[in-house]
Each structure stands twice: as structure tokens, then as C-alpha cells.
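K.L.:
just the structure for this:
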Amino acid sequence: MYEEFYGLREKPFSILPDPDLIFWGKNHRLAFAMLEFGVRNNAGFAAITGEIGSGKTTLLRYLLRKLDPQITVGLLSSTPQMANDLMQWVMMALKQPFEDSYPKLYNRFQQFLYEQHARGRRTILIVDEAQNLGMQALEELRVLSNINTDKNQYLQIILLGQPQLRDLLRKPELLQFAQRVSSDFHLRPLSVSDARQYINFRLDAVGAKTKLFSDEACELVANASRGIPRTINILCDTALVYGFAMNAEKIEAEIVELVIHDKQEYGVLQTALGAS
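P.N.:
Sure thing, here's the model as predicted:
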């Protein structure tokens with residue numbers, strides 16, 4: 001819609017996770033370093049937490065691109081809260097038969113890990129939206145990790161989730177679990193300076209020849225979004241639509257103010273500047 005008008009190859013602010021458009025600010029560099037450290041050093045558990053839209057899934061997609069082909073990956077994106085359902089979901093994530101009794105599934109799970117190890121393959125189970133796991137299910141994950149021994153690491157588990165996951169893992173009842181998380185990081189919101197760099201990075205990445213957003217416009221977006229990348233994308237994408245409709249060559253603060261007002265007044269997205 002506005003791409004041709006602004007000389008862009010594609011939309012710069014899609015809300016879909018895109019590993020090609022990761023902004024490697026300090027937070028995301030550290031978060032990915034901890035993820036990579038966990039994988040390379042056979043951490044039993046690794047955990048990355050952050051607000052909705054902070055970039056966890058994008059980092060995960062980038063990690064999956066870089067993983068050694070000799071690593072078997074199971075991605076569990078639907079998270080059951082009850083432990084008695086978890087084994088089925090784990091087997092499904094590993095593309096194994098999952099309709100059977102718990103003892104048989106557990107035995108099949110063990111045999112699968114042993115076979116992968118015998119073939120020189122490592123197995124990583126990734127649990128996305130892990131804040132939805134109940135304490136019972138988390139405890140069951142810890143029990144599954146007991147298959148690892150001092151000499152043989154059959155299974156690694158990576159948890160990604162919202163801040164509630166961090167709160168959950170800090171509960172005294174899950175102390176044994178927390179002690180096994182040897183690699184973790186909490187993604188914090190972007191600062192105003194980082195948000196400005198993020199906006200310009202995304203625009204440059206799709207071929208912008210000029211600085212499309214003024215510094216004042218970037219600052220407004222940063223504050224209204226609370227520094228959350230997905231919300232920044234939504235506000236900037238809408239600002240470009242408005243700018244195109246107004247035949248504006250540059251996105252100034254007035255256009256962003258109008259976007260924020262309209263989102264607050266008529267839309268479903270609550271922004272920091274407009275929230276009561």
C-alpha cells in the first residue's frame with residue numbers, strides 16, 4: 001500500500017516474527033547469547049522470559065536456523081497445564097506416537113532419547129508460552145530431565161514465556177526446578193534510544209533512502225509502546241499508512257500523535273500515552 005510511495009521493498013514493520021529483521025540491541029544480543037550458551041554447553045534447562053511482543057519467538061526462530069542438523073528438536077507451542085497431558089504433547093512435539101498410557105509413553109520417550117544419543121544426536125525440547133504450564137506440569141518436566149546422567153546428556157529443555165513464567169519459577173515449591181536452570185535471561189523493553197535505532201534499522205533493512213521518521217516521532221512511538229517491539233511495529237506501520245494517506249514525505253510527531261489518539265479512541269490496542 002505505502003511501500004511504493006516511500007520507496008520500500010516490503011513492509012518494514014510486520015508483526016510476524018522475522019529472523020532476518022532482528023534488531024541486535026544489547027538486550028537481544030544477551031538473550032541470544034544465553035540461549036546459545038545453553039545449547040552449546042548442554043544446559044539441562046534454559047529459560048528466556050519477556051513481555052508479550054518483546055521478541056522471544058523471533059530469537060527462537062533465529063536459533064532454530066543456526067542449530068546443528070545433528071540436533072533433534074521438538075517444539076511444544078501448546079502448553080497443557082496438567083502433568084497427565086504433558087507426556088502426550090511432548091511425544092507429539094517429537095513426532096512420535098502419542099496415544100497410549102502414561103507408563104508406555106514414558107518408556108517410549110526414554111527409548112527415543114537413548115536411540116538418538118546412540119546415533120550421535122542430541123535432543124532439545126522447546127516449550128513456547130511456558131507461562132501457561134501449571135506447577136504440576138513444570139514438575140513433570142523436571143522429572144523427565146532426570147533421564148540425564150552425570151556422563152550422558154540425553155535431553156535439553158528450553159522454556160520461553162511471559163514474565164509470569166519467571167514468577168512461577170521463583171516460587172519456593174519449584175526450588176528444585178529453578179536450581180536446574182543454568183542459563184536464563186529476561187528481555188527488557190527497549191529504551192527510547194534503542195527504539196529509535198530499531199525503527200531506523202527496520203526501515204533501512206527494506207531499502208529506505210531517507211530518514212522517514214523524525215526523532216520526535218520515534219520518541220513518541222517509544223513512549224507509547226513502552227519499548228515493546230511488536231507494539232512499535234503496529235504504531236509505525238499505522239503511521240506509514242496515515243502518512244501515505246496524507247501524502248506526507250516524512251512521518252512527523254503530529255502523525256504519530258494522531259495514530260496514538262485513534263488507537264486509544266477507536267482501536268483495541270492500549271498505548272502507554274493514552275492508557276488511563
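
K.L.:
in this structure, which helix or strand is least confident?
P.N.:
helix 83-93 (a mean of 86; mean pLDDT, DSSP states H and E).

K.L.:
and the helix or strand just after that one, what's buried?
P.N.:
Downstream of helix 83-93, the first helix or strand assigned by DSSP states H and E is helix 102-118. For helix 102-118, burial by neighbour count (16 or more other Cβ atoms under 10 Å) applies to 105-106, 108-109, 112-113, 116-117. Glycine gets a C-beta too; all of them are placed from N, C-alpha and C.

K.L.:
export helix 102-118 to CSV, keeping only CA atoms.
P.N.:
What follows is helix 102-118 as a C-alpha-only set of coordinates in CSV (Å, rounded to 0.1, in the frame of the first residue of the first chain):
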residue,chain,number,x,y,z
TYR,A,102,1.5,-42.8,30.5
PRO,A,103,3.8,-45.7,31.5
LYS,A,104,4.1,-46.8,27.9
LEU,A,105,4.6,-43.3,26.6
TYR,A,106,7.3,-42.6,29.2
ASN,A,107,9.1,-45.8,28.3
ARG,A,108,8.8,-45.0,24.6
PHE,A,109,10.1,-41.5,25.3
GLN,A,110,13.2,-42.9,27.1
GLN,A,111,13.9,-45.3,24.3
PHE,A,112,13.6,-42.5,21.7
LEU,A,113,16.2,-40.4,23.6
TYR,A,114,18.6,-43.4,24.0
GLU,A,115,18.3,-44.1,20.3
GLN,A,116,19.0,-40.5,19.3
HIS,A,117,22.0,-40.5,21.7
ALA,A,118,23.3,-43.7,20.2
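
K.L.:
and it, what does it pack onto?
P.N.:
Packing partners of helix 102-118 (3 or more Cβ pairs under 8 Å, 6 or more residues apart in numbering; DSSP states H and E): helix 83-93, strand 122-127.

K.L.:
residues in contact with the nearest residue to F45 once chain neighbours are set aside?
P.N.:
Counting by Cβ to Cβ, 6 or more residues apart in numbering, F45 lies nearest to V181, which is 4.4 Å off, once chain neighbours are set aside. By Cβ atoms under 8 Å, 6 or more residues apart in numbering, V181 lies in contact with 43-47, 159, 169.

K.L.:
need phi/psi at V181.
P.N.:
Backbone torsions of V181, given as degrees, to the nearest 10, read phi -80, psi 100.

K.L.:
mind pulling up the pLDDT for it?
P.N.:
Note on V181: pLDDT of 94.

K.L.:
hang on, the earlier thing: quick one: contacts of the least confident helix or strand of the chain?
P.N.:
Helix 83-93 is contacted from outside by 74-76, 78-80, 97-99, 102, 105-106, 108-109, 125, 134, 136-137, 139-141, 144, using Cβ under 8 Å, 6+ apart.

K.L.:
check which residues of it are buried.
P.N.:
83, 86-91, 93.

K.L.:
quick check: domain ranges of the protein?
P.N.:
Following the assignment in automatic domain parsing, the chain carries domains at 3-9+191-266, 26-187.

K.L.:
weakest of those domains in terms of mean pLDDT?
P.N.:
Lowest mean pLDDT within those: domain 26-187, at a mean of 91.
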